[in-house]
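Novice: sharing a model prediction with you, sequence too.
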Amino acid sequence: MDVARSSEDDNNRKVSLRGMFMALMEKLRGEIEKIGKKLLSGYDDRRRIIHSMKVGTAITIASLMYYVEPIYDHFGDSSLWAIISVVVVFEFYVGATLGRGFNRGLGTLVAGSLGFCAHHVVDNAGKMRPVLLAILVFLFAMGATFSRFFPRIKARYDYGILIFILTFCLVSISGYHDDDILKIARDRVSTIMIGALTAIGICIFICPAWAGDDLHNLIALNVDKLGHFLLEGFGNECLQSERKDRSSFVCETVTNSKLREDSLANFAAWEPPHGRFKLHHPWKQYRLIAIVTRECAYKVGVLGSYQLNLPSHVSQSSIHSEIREGCLELSSELGKALRELGSIIKTMSHKETANNHIAKSKIVSKNLESLLKLGIGNDDRILEIVPAASLLIDIVSDTIKIAESIQKLASLAKFKILEQKPDSRKIVPTDVVIDIDPEVSQSLPCNK
């Protein structure tokens, strides 16, 4: 009987272990499926998979300097710098790669030249040679590091300064025990240039990812999001909590994109003309549009927490109904205007409908201000709707600021205007003009 019980316990343990093993395998299979889906979709962007393949290709090509004997015999261990250059220079965007490549090339060339000169300056110093060399290293490293505190230099040349410090120290110090300093400097500069050019060439000519395209689409999308909420989210008869969640989401997505907008603008400034973007495209103007868009987004985020209806047990007066209808009409016009402005950026072409909606929103806002002044003195219940109405009136000014910023972008970038003719539809290049309130115009960043 003990034997039977022992056998039964063994079977139970086996079944338990088998169940645990199957559960573990099922969980593992689920994780593998998730990873596979992410790989196939590239985290919703297949360009990431392409970028990974491009980096692998560039490193493989650079490593040939080690495998091909004639090249290795010429450069020796300096061939390793070509691989290092590919790893540190290759970035996702073309502009980022060009910026890093330029910084690395310039920093290496200048530091290599100065390191060679430093070696010859202290060459005949005798016992004072290490002291003078240490002083030169200290002075150059200190000066280069201090220059990184200047915002403009840091924004575009920070990486180049780091490379300058590293290369200068390596070249000047290496020459202390090696008399053939010229060959060291030449080989390192050459291999670094080869690696950087390999990364830049593959990044540009094989499925390039342009920062300018992403910046352009991001700014257009942010403006469109604000318009979509004002047109559909605020006016819909949905629960207040749902409306607040929508407005918070819109506000967060627009305001939290600042760092990405700044980095994309920096990268885009390095990029050559491509697609719809010509030489000297006004990338800085996108930052100004982003600033006024974020100002509007903050108010839209607050707007979602207010309601236009009084509680069900409180009767609504006629003036309250008029103010409510005015708010809904103003929200609709603002939403249409912002969506049209987003479309202007996205398509790089102008339609007159944006002007019409802005003009209507001005008229509605003035009427709404008059209703508020009239209602506040006659009906205390109007105070319930005043915050929402005041915010909408303020958003009119923000929309005008966005419109003027886009007008300047359209003028600088030579946006096209769609001109409808009876016999044909023709696209004619022209400057875009959007009617702007002069008082609001003075408060824009671009006019200060």
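Specialist: Happy to help now that I have it.

Novice: from here on, contacts and neighbour counts on C-alpha atoms
Specialist: Noted.

Novice: what distance separates stretch 74-84 from the middle of the whole chain?
Specialist: 34 Å (C-alpha atoms, centre = their mean, to the nearest Å).

Novice: got a list of contacts for it?
Specialist: Outside stretch 74-84, the residues that touch it by C-alpha atoms under 8 Å, 6 or more residues apart in numbering are 59, 62-63, 65-66, 72, 187-188, 191-196.

Novice: switch these over to TSV; also include secondary structure, distance to I163 and pLDDT.
Specialist: Output for these, formatted as TSV (DSSP: H, G, I helix; E, B strand; the rest coil; distance: C-alpha to C-alpha, whole Å; pLDDT from 0 to 100):
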residue	secondary structure	distance to I163	pLDDT
I59	helix	20	95
A62	helix	20	93
S63	helix	21	91
M65	helix	22	89
Y66	helix	23	84
Y72	helix	24	87
D187	helix	16	85
R188	helix	12	82
T191	helix	14	91
I192	helix	11	89
M193	helix	13	90
I194	helix	16	93
G195	helix	14	93
A196	helix	13	92
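
Novice: show me just the buried residues among those residues.
Specialist: Of all the contacts of stretch 74-84 considered here, the ones buried according to neighbour count by 16 or more other C-alpha atoms under 10 Å are 59, 62-63, 65-66, 72, 187-188, 191-196.

Novice: returning to what we had before: make TSV out of the contacts of stretch 74-84 and add distance to K127.
Specialist: Formatted as TSV, the entries for the contacts of stretch 74-84 read as follows, by distance: C-alpha to C-alpha, whole Å:
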residue	distance to K127
I59	44
A62	41
S63	41
M65	39
Y66	39
Y72	36
D187	29
R188	28
T191	34
I192	33
M193	36
I194	38
G195	38
A196	39
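
Novice: what is the nearest of those to Y157?
Specialist: Ranked by distance to Y157 (C-alpha to C-alpha), the contacts of stretch 74-84 are led by A196 at 16.0 Å.

Novice: can you list the buried residues in stretch 341-355?
Specialist: Buried residues in stretch 341-355, defined by neighbour count with 16+ other C-alpha under 10 Å: L341, G342, S343, I344, I345, K346, M348, S349, H350, K351, A354, N355.

Novice: of those, just say which sits nearest to L139.
Specialist: Compare each of the buried residues of stretch 341-355 with L139 using C-alpha to C-alpha and the shortest gap goes to I345, at 48.7 Å.

Novice: and the closest one, its phi and psi?
Specialist: Summarising the backbone geometry of I345 under the convention degrees, to the nearest 10, its torsions are phi -70, psi -50.

Novice: please name the residues that touch A359.
Specialist: If you count contacts by C-alpha under 8 Å, 6+ apart, then A359 has nothing around it.

Novice: for the helix or strand where it lies, buried residues please.
Specialist: Element membership of A359 [criterion: DSSP states H and E] is helix 353-378. Of the residues in helix 353-378, those scored as buried under the neighbour-count criterion (16+ other C-alpha under 10 Å) are 354-355, 357-359, 361-362, 364-365, 368-369, 371-372, 375.

Novice: could you point out which element follows that helix?
Specialist: The C-terminal neighbour of helix 353-378 among helices and strands, as given by DSSP H and E, is helix 386-413.

Novice: what's that next one packed up against?
Specialist: Helices and strands touching helix 386-413, by 3 or more C-alpha pairs under 8 Å, 6 or more residues apart in numbering; DSSP states H and E, are helix 283-303, helix 318-347, helix 353-378, helix 438-441.

Novice: let's have the ones you listed in JSON lines, adding distance to V171 and mean pLDDT.
Specialist: Below are the helices and strands packed on helix 386-413 laid out as JSON lines (distance: least, C-alpha to C-alpha, whole Å; pLDDT from 0 to 100):
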{"stretch": "helix 283-303", "distance to V171": "38", "mean pLDDT": "92"}
{"stretch": "helix 318-347", "distance to V171": "49", "mean pLDDT": "90"}
{"stretch": "helix 353-378", "distance to V171": "60", "mean pLDDT": "87"}
{"stretch": "helix 438-441", "distance to V171": "55", "mean pLDDT": "45"}
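
Novice: out of these, flag the one nearest L231.
Specialist: With C-alpha to C-alpha as the criterion, L231 lies closest to helix 318-347 of these, at 4.4 Å.

Novice: roughly how far out does the closest one sit from the chain middle?
Specialist: In terms of C-alpha atoms, centre = their mean, the centre of helix 318-347 is found 28 Å from the chain centre.

Novice: beyond it, next helix or strand please.
Specialist: Under the assignment DSSP H and E, the closest C-terminal helix or strand after helix 318-347 is strand 349-350.

Novice: what helix or strand is G107 on?
Specialist: Under the assignment here (DSSP H and E), G107 is part of helix 94-121.

Novice: ok, and for that helix, which residues are buried?
Specialist: Using 16+ other C-alpha under 10 Å as the burial criterion, the residues of helix 94-121 that qualify are 94-116, 118-119.

Novice: what do you get for stretch 400-417?
Specialist: When neighbours are counted by 16+ other C-alpha under 10 Å, the buried residues of stretch 400-417 are found to be 400-411, 413-417.

Novice: which non-adjacent residue is nearest L215?
Specialist: In this structure, L215 finds its nearest non-sequential neighbour in L264, 5.8 Å apart by C-alpha to C-alpha, 6 or more residues apart in numbering.

Novice: likewise K408?
Specialist: Taking C-alpha to C-alpha, 6+ apart as the measure, K408 lies nearest to Q285, with 7.8 Å between them; neighbours along the chain are not counted.

Novice: quick revisit: tell me which other helices or strands the helix or strand just after the helix holding G107 touches.
Specialist: Moving toward the C-terminus from helix 94-121, the next helix or strand (DSSP H and E) is helix 129-147. For helix 129-147, the packing partners by 3+ C-alpha pairs under 8 Å, 6+ apart come out as helix 94-121, helix 151-174.

Novice: that older thread, for the buried ones among the contacts of stretch 74-84, which one is nearest A290?
Specialist: A196 (32.9 Å).

Novice: measure the closest one to V88 for me?
Specialist: 9 Å (C-alpha to C-alpha, to the nearest Å).

Novice: tell me the contacts of the residue nearest to L215?
Specialist: A211, G212, D214, L215.

Novice: by neighbour count, which of the residues you listed wins?
Specialist: Each of the contacts of L264 was scored for neighbours by other C-alpha atoms under 10 Å, and G212 scores highest at 28 neighbours.
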